[in-house]
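Participant: please find the sequence and the predicted model below.
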Amino acid sequence: MRRRDVLAVLAASGAGSGLRAQASDEVAVYAAGSLRSALGEIGRRFEAAPGGARVRFVFGASGLLKDRLLAGERADVFASANMTHPQALFAAGRARAPQRFARNRLCVLARPEVAITTVDLAERLLDPTLRVGTSTPKADPSGDYAFEMFRRIEVRGAAFAGAYQRLADKALQLTGGPASPPPPAGRSVYGALLESRQADVFVTYCSNAHEAAREVEGLKVVELPGDIDVAADYGVSLLDGASPAAQAFTAFLLGDEAQGLLARQGFAPR
């Protein structure tokens, strides 16, 4: 969506002669932590667009945010790192049906001294001496995607029998859980965790991995082999009672300008 079209969306949504008042409304967006950098820029551009409104972001693990919204917290927009959590809000009558707005993939972020490549990635993850960090399944889709990768490793064949349980047992669930420490201000949590040697490798989104590698010298981003690659679909929903300004923000997120920004941050087109 081009900036001048924000006014058109507001008008079409029924703001009418109250457009100026509606445009000044704050839009509360609950969003996956992996979107922090991209949505920060998208929010600033939306605010600067004609008819744009102030956007307030609450970032966190999508599953935990979903639980907070189901418990009654108020927001206008929910941007999740999967389709399942916004679908749960829709099923509960709390939100409109979700739309996919971005896609991501898993990568492995590794410390400089760790010898690991795409070719031997599955075998190296199973090395009992290698400390593998993940996010927390169920609370954070990144953890769910990582454990799905573990399942795909097991079905590779007899040589990987029992791989899922071995990997699930050894996985260090360092982020995204109810008791996980907050990410360091202004830093990639994944870069900080590897830099402080709390893990040797971390299974996370490719967008997160590349951001951490730009921040911490020497960290490596390793692509997954095609047979164990896991795609992540990101879904957005408007919550019940969302204002016309929130509808305009969601349309902006799905439009060309925001989609281009997401692509530059390492996300794939919707």
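Facilitator: Perfect, thanks for sending it.
Participant: rest of the way, CA atoms for contacts and neighbours
Facilitator: Noted.
Participant: give me the domain ranges for the chain.
Facilitator: 5-102+233-264, 105-231 (automatic domain parsing).
Participant: mean pLDDT for these: which is lowest?
Facilitator: Ranked by mean pLDDT, the domains of the chain end with domain 5-102+233-264 at the bottom, a mean of 88.
Participant: roughly how far is that one from the heart of the chain?
Facilitator: Mean-position distance between domain 5-102+233-264 and its chain equals 14 Å (CA atoms, centre = their mean, to the nearest Å).
Participant: and the strands in the protein?
Facilitator: 27-32, 55-60, 77-80, 99-110, 132-135, 172-175, 201-205, 220-223, 231-238 (DSSP state E).
Participant: need the ones you listed in TSV with distance to residue 87 and mean neighbour count, can you?
Facilitator: As requested, the strands of the chain are exported to TSV (distance: least, CA to CA, whole Å; neighbours: other CA atoms under 10 Å):
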stretch	distance to residue 87	mean neighbour count
strand 27-32	15	24
strand 55-60	18	18
strand 77-80	10	30
strand 99-110	9	23
strand 132-135	21	26
strand 172-175	23	20
strand 201-205	21	26
strand 220-223	29	21
strand 231-238	8	23
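Participant: which residue ranges form the helices in the stretch 51-200 of the chain?
Facilitator: Taking DSSP state H, counting those that start in this stretch, the helices of the stretch 51-200 of the chain run over residues 62-70, 84-91, 121-125, 141-154, 163-170, 189-195.
Participant: now the ones you listed in a markdown table, with mean neighbour count and distance to residue 106?
Facilitator: Shown next, in a markdown table, are those (neighbours: other CA atoms under 10 Å; distance: least, CA to CA, whole Å):
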| stretch | mean neighbour count | distance to residue 106 |
| --- | --- | --- |
| helix 62-70 | 20 | 16 |
| helix 84-91 | 21 | 18 |
| helix 121-125 | 18 | 13 |
| helix 141-154 | 22 | 8 |
| helix 163-170 | 17 | 16 |
| helix 189-195 | 21 | 13 |
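Participant: nearest to residue 47, of these?
Facilitator: Evaluated with CA to CA, the helices of the stretch 51-200 of the chain place helix 62-70 nearest to residue 47, the distance being 23.5 Å.
Participant: helices or strands next to the closest one in the packing?
Facilitator: With contacts taken as 3 or more CA pairs under 8 Å, 6 or more residues apart in numbering; DSSP states H and E, helix 62-70 sits against strand 27-32, helix 84-91.
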